[in-house]
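Enquirer: got a sequence here, can you model it:
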Amino acid sequence: MLSVERLGAAYGESQVLWDVDVEVPSGRVVCLMGRNGMGKTTVLKTIMGLLPARGGRVTFDGADITRWSPDRRARAGIGYVPQGREIFPHLTVAENLRMAYLGCGRESRLTDALDLFPALKPLLARKGGVLSGGEQQMLAIGRALLTRPKLLMLDEPTEGIQPSIILEIEDAIRRIKTEMGLAVLLVEQYLDFAERLADSYVIMAKGAVVARGNTGDLKVEALRHHLAV
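Expert: You can find the predicted model right below:
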């Protein structure tokens, strides 16, 4: 579904990604791991087209999308939930959800998101900015799903979220994988969460991939060395 080959990216003159390779098959969850500042968010932004690739290639669903605009990538089926959620704070929950499928020109129903996150049902008339962090995260994921993506990219979905909501988000991601068959690229620091959900992992350090493999083979030694746990 997604193939990232020798990806390079920079902020101005500062190169931050060096020959990054990532593969995300359909119906699989791949977790991108590493300490803060190692380039994980930059990988997602470059895949989404929010940051231009300085080198390498991004292939999605058989097409080379390396030079496509972000809106074209979204219409092609890439859903993105950024770190910090970035919902519209002055719009209601219902309006936030409607913005997603109107922007992508796809027919969707609010119930598609509400079935996954029933806790949002009584909040439809509430402004996004007054929701808790967990409620905002559910809204952000639900909004991304209303674009009917083939690939869903999630940047630190458990950050600042209370444990009970983390379990709801975990269950939703599992359903997104198993029931919807989506490819999921997950950036996550919460190791237990990542181990329960991910089929495979990629560890980054200083803008480059330093380890990869199946989650079941994730070594404690590698975690200590690369993630400081």
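
Enquirer: just give the nearest non-adjacent residue to Pro82, would you?
Expert: Asp155 (5.3 Å; C-beta to C-beta, 6 or more residues apart in numbering). Using the backbone N, CA and C atoms, a C-beta is placed for each residue, glycine as well.

Enquirer: ok, now Ala172?
Expert: Residue nearest to Ala172 in three dimensions, not counting chain neighbours: Leu116, with 5.1 Å by C-beta to C-beta, 6+ apart.

Enquirer: kindly report the same for Thr178.
Expert: Nearest one to Thr178, counting by C-beta to C-beta, 6+ apart, is Gly27 at 7.7 Å.

Enquirer: what of Arg143?
Expert: Ala100 is the one closest to Arg143 (C-beta to C-beta, 6+ apart), at 4.4 Å.

Enquirer: what about the one you found, which SS state?
Expert: helix (DSSP: H, G, I helix; E, B strand; the rest coil).

Enquirer: contact partners for it?
Expert: By C-beta atoms under 8 Å, 6 or more residues apart in numbering, Ala100 lies in contact with 108, 143-144, 146-147.

Enquirer: could the residues you listed be laid out in CSV, adding secondary structure and neighbour count?
Expert: Below are those laid out as CSV (DSSP: H, G, I helix; E, B strand; the rest coil; neighbours: other C-beta atoms under 10 Å):
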residue, secondary structure, neighbour count
Ser108, coil, 17
Arg143, helix, 25
Ala144, helix, 22
Leu146, coil, 24
Thr147, coil, 21
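
Enquirer: direction included, what does the helix or strand where Met153 lies pair up with?
Expert: In the assignment (DSSP states H and E), Met153 maps to strand 151-155. Note on strand 151-155: by DSSP bridges, its sheet partners are strand 78-81 (parallel), strand 183-187 (parallel).

Enquirer: now the ones you listed as TSV including mean pLDDT?
Expert: Formatted as TSV, the strands paired with strand 151-155 follow (pLDDT from 0 to 100):
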stretch	mean pLDDT
strand 78-81	94
strand 183-187	95
